[in-house]
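Okay, sequence plus prediction incoming.
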Amino acid sequence: DPFTRLYVLALGCRYLEPELRDFLGGYSYVKLVKADTKSATLQVVGAGKYNDGYYLFDATPFGTRDNPRKDGIARFSVIYPEGRLRTFYNVTSTQSVFSEASQRHHSAAFSHSGNRA
């Protein structure tokens with residue numbers, strides 16, 4: 001979207017931070033790590049639940065409870081606490097997954113890029 005690129009170039013990404021954080025509105029703590037005209041990286045603390053040596057991540061729709069996103073994200077990558085990267089394509093929510101815990105730390109970094117599906 002040319003308007004978005006111009007907006008980011010002129011004003012920077014910090015003005016878009018509330019909208020980017022609302023993208024993952026189902027989580028209570030979302031931090032913008034970096035963003036540019038084609039992608040954004042957000043860190044979510046408390047994204048998973050720790051249980052007997054595993055982290056459990058429930059599927060969460062993009063957007064807010066009152067306003068879930070209906071359009072998909074073309075490319076959505078997740079870095080899990082142990083450092084494993086998984087990329088999903090054309091999704092409208094985070095995915096339900098579990099991963100083995102190497103230490104008790106349950107944040108995940110999310111990155112989406114490209115246009116909506």
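Cool, got the structure.

And the residue at the greatest distance from the centre of the chain, how far from residue 20?
Centroid-distance maximum for the chain: residue 52 at 25.1 Å, with CA atoms, centre = their mean. Distance from residue 52 to residue 20, counting by CB to CB, to the nearest Å: 34 Å. The way it works is simple: take the backbone N, C-alpha and C, and place the C-beta from them, glycine included.

Now residue 23: phi and psi?
The phi/psi pair for residue 23 (degrees, to the nearest 10) reads phi -60, psi -40.

Apart from its chain neighbours, what residue comes closest to it?
Residue nearest to residue 23 in three dimensions, not counting chain neighbours: residue 62, with 5.8 Å by CB to CB, 6 or more residues apart in numbering.

Could I get the pLDDT score of the one you found?
Looking at residue 62, its pLDDT is 87.

surely it meets residue 95?
No: look at residue 62 against residue 95 with CB atoms under 8 Å: they stay out of range, at 11.7 Å.

These two: which is more packed in?
Neighbours were counted for residue 62 and for residue 95 using other CB atoms under 10 Å; residue 62 has more, 23 against 13.

Which residues are in contact with residue 67?
residue 25 (CB atoms under 8 Å, 6 or more residues apart in numbering).

distance of it from residue 77?
Distance, residue 67 to residue 77, using CB to CB: 24 Å.

Surely residue 59 touches residue 93?
Yes: in this structure, residue 59 is within contact of residue 93 by CB under 8 Å, at 5.0 Å.

So if I had to pick from these two, which one is more boxed in?
Neighbours per residue (other CB under 10 Å) separate residue 59 from residue 93, with residue 93 holding more: 18 against 12.

close enough to count as contact, that one and residue 57?
No: in terms of CB under 8 Å, residue 93 does not count as a neighbour of residue 57; the distance is 11.1 Å.

For residue 42, what is the enclosing helix or strand?
Secondary structure from DSSP states H and E places residue 42 in strand 39-45.

Could you export that strand as CSV, CA atoms only?
What follows is strand 39-45, C-alpha atoms only, in CSV (Å, rounded to 0.1, in the frame of the first residue of the first chain):
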residue,chain,number,x,y,z
SER,A,39,7.1,-6.3,8.1
ALA,A,40,6.9,-6.0,11.8
THR,A,41,8.4,-7.9,14.7
LEU,A,42,6.4,-8.1,18.0
GLN,A,43,7.4,-9.8,21.2
VAL,A,44,4.6,-11.4,23.3
VAL,A,45,5.3,-12.3,27.0
